[in-house]
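Undergrad: No sequence on hand, only this structure:
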């Protein structure tokens, strides 16, 4: 029996990078998937019989709410939520505009809140569920020229702890993953200098790959593997942060 047989998982940001890698991992373990993104879902995932795709802007409350209702209505349950949608670009703080700051928080923090807000009621009603948020190690240690991104990801970590305290007694376990730099389309907006300097800081000496983060999500989504994780932030980060 596969580890996620009979589970229905919603994954935001599933078109590429970490979200797509988690989707592939969950599919191999028997999950039924609902994949949400504004961009097209990869053909290999969209073609699976156990996958539905949904064009959703995670900053739009009604769109997210409707998508969660559609998933729960179609399958009769909603067991796992992975919030992997995010944006990232580089801006020195003295050049950072309020508009750029707001846009990053809208996707990277508000979008995470909305997904949890509209998925959690189905889990609470069932008395079980897993919510997994993709944060970043920069939300723990900070980063130059990334104040907007750092603020959003630190918010995700704080939100994870708050929701974990409220929802664990009702059977819903909430945790976060804070990867280090991962080779995905997300980091294409960072300068070569930033990436070179960051790689030199890492004890492992290299950036990670999406498929190296997916097993952490599978751990948190599975039972009994993830049963004791409550409000935790796990760090597949090449040694960049050592709590």
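TA: Great, that's in hand. Predicted model only: the values in this text are computed from it and were never measured.
Undergrad: Just name the shakiest helix or strand of this structure by mean pLDDT.
TA: Within the chain, judged by mean pLDDT, DSSP states H and E, the helix or strand with the poorest mean is helix 192-201; its value is a mean of 92.
Undergrad: after that one, next one along is what?
TA: helix 210-221 (DSSP states H and E).
Undergrad: Quick one: list the elements packing against that following helix.
TA: Helices and strands touching helix 210-221, by 3 or more C-beta pairs under 8 Å, 6 or more residues apart in numbering; DSSP states H and E, are helix 17-28, strand 80-83, strand 129-134, strand 172-177, strand 233-234. Heads up, the C-betas are built off the backbone N, CA and C, glycines and all.
Undergrad: contact partners of the shortest one?
TA: With C-beta atoms under 8 Å, 6 or more residues apart in numbering as the test, strand 233-234 has contacts from 135, 140, 157, 160, 175-178, 216, 219-220.
Undergrad: Paired strands for it, with orientation please.
TA: strand 172-177 (parallel) (DSSP bridges).
Undergrad: For residue 145, see how far away the residue of the chain most remote from its centre is.
TA: In terms of distance from the mean C-alpha position of the chain, residue 94 ranks first, at 29.0 Å (C-alpha atoms, centre = their mean). Remark: distance between residue 94 and residue 145 (C-beta to C-beta, to the nearest Å) = 10 Å.
Undergrad: Taking the contacts of strand 233-234 together, which two end up most distant?
TA: Farthest-apart pair in the contacts of strand 233-234 is 140 and 219; separation 19.4 Å (C-beta to C-beta).
Undergrad: longest single helix anywhere in the chain?
TA: Of all the segments of type helix in the chain, defined by DSSP state H, the longest one is helix 147-167.
Undergrad: So which residues make contact with it?
TA: For helix 147-167, the external contacting residues (C-beta under 8 Å, 6+ apart) are 88-89, 91, 93, 96, 100-101, 104-105, 107-109, 112-113, 116, 120, 123-124, 129, 131, 133-136, 138-140, 142-143, 173-176, 178, 230-231, 233.
Undergrad: burial measure for residue 196, as a count.
TA: By other C-beta atoms under 10 Å, the residues close to residue 196 number 9.
Undergrad: Kindly calculate the angle that the longest helix of the chain makes with strand 129-134.
TA: On the basis of axes from the mean of the first three to the mean of the last three C-alpha atoms, to 10 degrees, helix 147-167 is oriented at 160 degrees to strand 129-134.
Undergrad: how near is residue 183 to residue 241?
TA: 18 Å.
Undergrad: And residue 95, how far from residue 238?
TA: From residue 95 across to residue 238, the span is 28 Å (C-beta to C-beta).
Undergrad: nearest residue to residue 156 other than its sequence neighbours?
TA: Excluding the flanking residues, the one nearest residue 156 by C-beta to C-beta, 6 or more residues apart in numbering is residue 135, at 4.3 Å.
Undergrad: what's the neighbour count on residue 164?
TA: By other C-beta under 10 Å, the residues close to residue 164 number 19.
Undergrad: Excluding chain neighbours, give the residue nearest to it in space.
TA: Counting by C-beta to C-beta, 6+ apart, residue 231 is the residue found nearest to residue 164 once chain neighbours are left out, at 3.2 Å.
Undergrad: out of residue 95 and residue 238, which sits in the busier spot?
TA: Using other C-beta under 10 Å, the more surrounded residue of residue 95 and residue 238 is residue 238, with 22 against 9.
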